[in-house]
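S.K.: kindly generate the corresponding structure for this input.
(one chain, ligands or ions: 2)
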Amino acid sequence: MKEFLTNNIIQTQKLAAEIAKHVYPGLVITLNGDLGSGKTAFTQGFAKQLGVKSRVKSPTFNIMNAYQGDQLSIYHFDAYRLEETGAQDQGFEDYVGTDGVTIIEWPQYMLDLLPNDRLSISFFRGEPDDFRRICLKGHGKASEIEELL
Ligand code: ADP
Ligand code: MG
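M.R.: Ligands and ions are numbered 1, 2, ... in the order given. All right, here's what the predicted structure looks like:
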């Protein structure tokens, strides 16, 4: 496990950009944390580093947004709304862990679709208001990324 402390959104997005330098096709990243903890902010910094030009916004209403980076597609999930319906039979397995990089907010609502090999990131708020503790754990092949940070 590695831990990072950030004091503003820019620092969180810089950390995301650093992680994005080490991605590979098929990587799955899960983002745990309460509402407002910085998951989407992180994804914005991550996608920008991968060459995404369009604005990354939370896909709460459509569950998944796909973006094209310079080398890779980015599949950005927000599974919050799957709490009631579940993730099965919606075609998401065509994206998760396939050719692109998958990044998932609220992964606890699509556990059935998560591969064992993944980079798990957790966000915690604290004091002062802009402080965040960000914990990162690589499982399987993704542990290589944890070691590089
Ligand atoms: P989530 O996707 O986890 O619900 P968002 O990324 O949408 O959260 O929102 C995070 C909010 O917290 C943003 O308004 C952002 O500006 C603010 N913020 C303040 N400090 C930080 C920080 N250190 N890292 C990330 N976001 C921060
Ligand atoms: Mg969000």
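S.K.: rest of the way, CA atoms for contacts and neighbours
M.R.: Will do.
S.K.: tally of neighbours for the nearest residue to Tyr95 once chain neighbours are set aside?
M.R.: Counting by C-alpha to C-alpha, 6 or more residues apart in numbering, Tyr95 lies nearest to Tyr75, which is 6.9 Å off, once chain neighbours are set aside. By the criterion of other C-alpha atoms under 10 Å, Tyr75 has 23 neighbours.
S.K.: list the pairing partners of the helix or strand harbouring Tyr75 within its sheet, with orientation.
M.R.: Using DSSP states H and E, Tyr75 sits within strand 73-78. If you go by DSSP bridges, strand 73-78 pairs up with strand 64-68 (antiparallel), strand 101-105 (parallel).
S.K.: which is the next helix or strand following it?
M.R.: According to DSSP H and E, the helix or strand after strand 73-78 is helix 82-85.
S.K.: now do the helix or strand of the chain with the lowest mean pLDDT: everything it contacts.
M.R.: One helix or strand of the chain scores below all others by mean pLDDT, DSSP states H and E: helix 82-85, with a mean of 85. With C-alpha atoms under 8 Å, 6 or more residues apart in numbering as the test, helix 82-85 has contacts from 109-110.
S.K.: and Gln108, how far is that from ligand 1?
M.R.: Distance, Gln108 to ligand 1, using C-alpha to the nearest ligand atom, to the nearest Å: 14 Å.
S.K.: what about that residue, which SS state?
M.R.: Following DSSP: H, G, I helix; E, B strand; the rest coil, we place Gln108 in the helix state.
S.K.: spell out which residues of this structure are next to ligand 1.
M.R.: 6-9, 12, 34-41, 130-132 (C-alpha under 6 Å from any ligand atom).
S.K.: that'll do, ta.
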